[in-house]
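In: Sequence plus predicted model, see below.
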Amino acid sequence: MSGHGAPIPMTSHPCGALTGTAEVPGDKSISHRALILGAMAVGETHITGLLEGQDVLDTAAAMRAFGADVRQIGPGEWRVHGVGVGGFGEPDQVIDFGNSGTGARLVMGCMASSPITVTFTGDASLRSRPMARITDPIALFGAQSFGRTGGRLPMTIIGAANPVPVRYTVPMPSAQVKSAVLLAGLNAPGQTVVIEKEATRDHTERMLAGFGADISVEATYEGRVITLTGQPELKPQSVAVPRDPSSAAFPVCAALIVEGSDITVPGVSQNTTRNGIYTTLLEMGADIAFENEREEGGEPVADLRVKFSSLKGVEVPPERAASMIDEYPVLSVVASFATGKTVMRGVKELRVKESDRIDAMARGLQACGVTIEEDQDMLTVHGQGPGGVRGGATCATHLDHRIAMSFLLLGMAAKTPVSIDDCGPVATSFPVFEPLMADLGARLERDVK
């Protein structure tokens, strides 16, 4: 079932050339962080371009539950009147994060150093995901966590009454873990230090600096060392959220594999910690032009002009995984239409996302006639060439929005239609996916019983 209702089956039919302009929603990662830091600032933060998908709306609801005044004043335009660092009140209800691992993990961090008790839950997918990667480091601040076996939701966290600063080396490349520790460090006295051996998306560091926190980043022999001085008074900001590069990857990849396509995707974030998918696509021979490069809201952005391309398989190096971890499912679809094999290494984090994304993509692609090899940390796709994928299967989405959208793209370029068991989860990150792709020329059909 969908995380928010009955399953909605959908079929994607082979279509003609995709053309036009794809105005994708605001960046999900930045939207979460803008709401959270706005709630922890003193005064009113103004946000434009906020992604109004369910994941972000759940974070907005959580900030209200902590006492912040969070209001929508127009499409994508929100105001957050914050309560200050250390000002969170104790919610009088369970906080339900639906499908949002990012929201749940970041908010666990930001409340861990306040003397409040909070119970977290989510949908079936989120309740199956590991939370020890957050509860272990926040315990160092003094927080206590009580959850299901394996550190899973539902979980109650008792924040630290007298938090202490920590020095923590992130054991895996995870922006969520890094960010949760930094957010917990905001209300701890002294300096909290986070060390990451592999760089991950840096939106939290950028935005903390923008809100006035004393934060520094240094490259050392240990890795990337981030030092945050706790208990600042964060200053409210005007935040312009750039368009999400992860969402933009879907129309971009669709145009690359549907013959004759020529589209523009304006204002897409080009943050170097997020652009691994575009680097990989260019290596495969993608015709992507980056036009009107500029800076918006402290983030580099560009307009993308994308045309159908004859692609070749490549080896994706494991060190690139952190900058494109959410894009491997759609890359595996693109690789299916390339010539030769594409090898993706260092992708074990995909097994603990909204679903086991390696297994989900492997099973669905095999059902559609694509040869796949996999192990715990690798996925290899043997490309069928342009127009060479058979299609014709119904693919399981496992309550995962990116799996759902990836298989819908497959159907646009395959020989026969591809169906998915539930398109409902798409609303968590890309609520306008269906009309946006239809406007470009895709043929998506809800299967009404």
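Out: That came through, no problem.

In: Which residue ranges of the protein form helices?
Out: Using DSSP state H, the helices of the chain run over residues 28-40, 54-65, 101-111, 124-127, 132-141, 175-185, 203-210, 245-257, 276-283, 328-336, 357-367, 401-413, 433-440.

In: how about low-confidence regions in this structure?
Out: Low-confidence segments of the chain, defined by pLDDT under 70, are located at 1-4, 297, 352-355, 449.

In: domains for it, by residue range?
Out: For the chain, whose domains are defined here by automatic domain parsing, the residue ranges read 10-25+242-446, 28-231.

In: What does the closest residue to Pro115 other than its chain neighbours show for phi and psi?
Out: Counting by Cβ to Cβ, 6 or more residues apart in numbering, the nearest residue to Pro115 once its immediate chain neighbours are dropped is Ala161, at 4.2 Å. (Glycine included, C-beta is placed from N, CA and C.) Reported as degrees, to the nearest 10, the phi and psi values for Ala161 are phi -70, psi -30.

In: any idea how far Asp303 lies from Asp244?
Out: Spatial separation of Asp303 from Asp244 under the definition Cβ to Cβ, to the nearest Å is 15 Å.

In: so what's the residue of the chain most remote from its centre closest to, chain neighbours aside?
Out: With distances taken from the mean C-alpha point of the chain and given as Cα atoms, centre = their mean, the most distant residue is Asn162, at 32.4 Å. Setting aside the residues directly before and after it, Asn162 is nearest to Gly142 in space (Cβ to Cβ, 6+ apart), at 6.4 Å.

In: Check the gap between the one you found and Ile157 for me.
Out: Between Gly142 and Ile157 the distance is 11 Å, computed by Cβ to Cβ.

In: can you check Ser419 too?
Out: On the measure of Cβ to Cβ, Ser419 and Ile157 end up 40 Å apart.

In: ok, now Arg206?
Out: Summarising the geometry, the distance separating Arg206 from Ile157, computed by Cβ to Cβ, is 27 Å.

In: So these two - more neighbours on which side?
Out: Ile157 (26 against 19; other Cβ atoms under 10 Å).

In: surely that one meets Cys110?
Out: No: counting by Cβ atoms under 8 Å, Ile157 does not reach Cys110; the two are 11.1 Å apart.

In: Can you give me the neighbour number for the closest residue to Thr397 other than its chain neighbours?
Out: On the basis of Cβ to Cβ, 6+ apart, the spatially nearest residue to Thr397 that is not a chain neighbour turns out to be Ala404, at 4.2 Å. One way to gauge burial is a neighbour count; for Ala404, by other Cβ under 10 Å, it gives 28.

In: In contact with Ala404, which residues?
Out: Residues touching Ala404, when contacts are defined by Cβ atoms under 8 Å, 6 or more residues apart in numbering, comprise 10, 397, 420, 422-423, 425-426.

In: Report the separation between it and Leu440.
Out: Spatial separation of Ala404 from Leu440 under the definition Cβ to Cβ is 18 Å.

In: Likewise for Ala61?
Out: Distance from Ala61 to Leu440, by Cβ to Cβ: 32 Å.

In: go on, Leu228?
Out: Distance from Leu228 to Leu440, counting by Cβ to Cβ: 43 Å.

In: Show me which of the two is the more surrounded one.
Out: Set side by side, Leu228 and Leu440 give different neighbour counts by other Cβ under 10 Å, the larger being at Leu228 (27 against 21).

In: how far away is the nearest residue to Asp92 once chain neighbours are set aside from Pro91?
Out: Leaving out its chain neighbours, the residue that sits closest to Asp92 by Cβ to Cβ, 6+ apart is Ala65, at 7.7 Å. Here the distance between Ala65 and Pro91 works out to 4 Å (Cβ to Cβ).

In: swap in Gly38?
Out: Applying Cβ to Cβ, one obtains 18 Å for the distance of Gly38 from Pro91.

In: same thing with Gly67?
Out: Distance check for Gly67 against Pro91: by Cβ to Cβ, it reads 9 Å.

In: was I right about the residue nearest to Asp92 contacting Val94?
Out: No: with contacts counted by Cβ under 8 Å, Ala65 stays clear of Val94, the gap being 9.4 Å.

In: So Gln237 is in contact with Ala213, correct?
Out: No: here Gln237 does not reach Ala213: they are 11.5 Å apart, not a contact under Cβ under 8 Å.

In: Number of residues surrounding His360?
Out: Residue 360: Ala, not His. The number of residues packed around Ala360, counting by other Cβ under 10 Å, is 25.

In: Leu350 too?
Out: Close neighbours of Leu350, defined as other Cβ under 10 Å, add up to 24.

In: give me every residue that touches the residue lying closest to it once chain neighbours are set aside.
Out: Distance criterion Cβ to Cβ, 6+ apart; nearest residue to Leu350, sequence neighbours excluded, is Arg357 at 4.1 Å. Listed by Cβ under 8 Å, 6+ apart, the contact set of Arg357 reads 328-329, 350-351, 400, 402-403.
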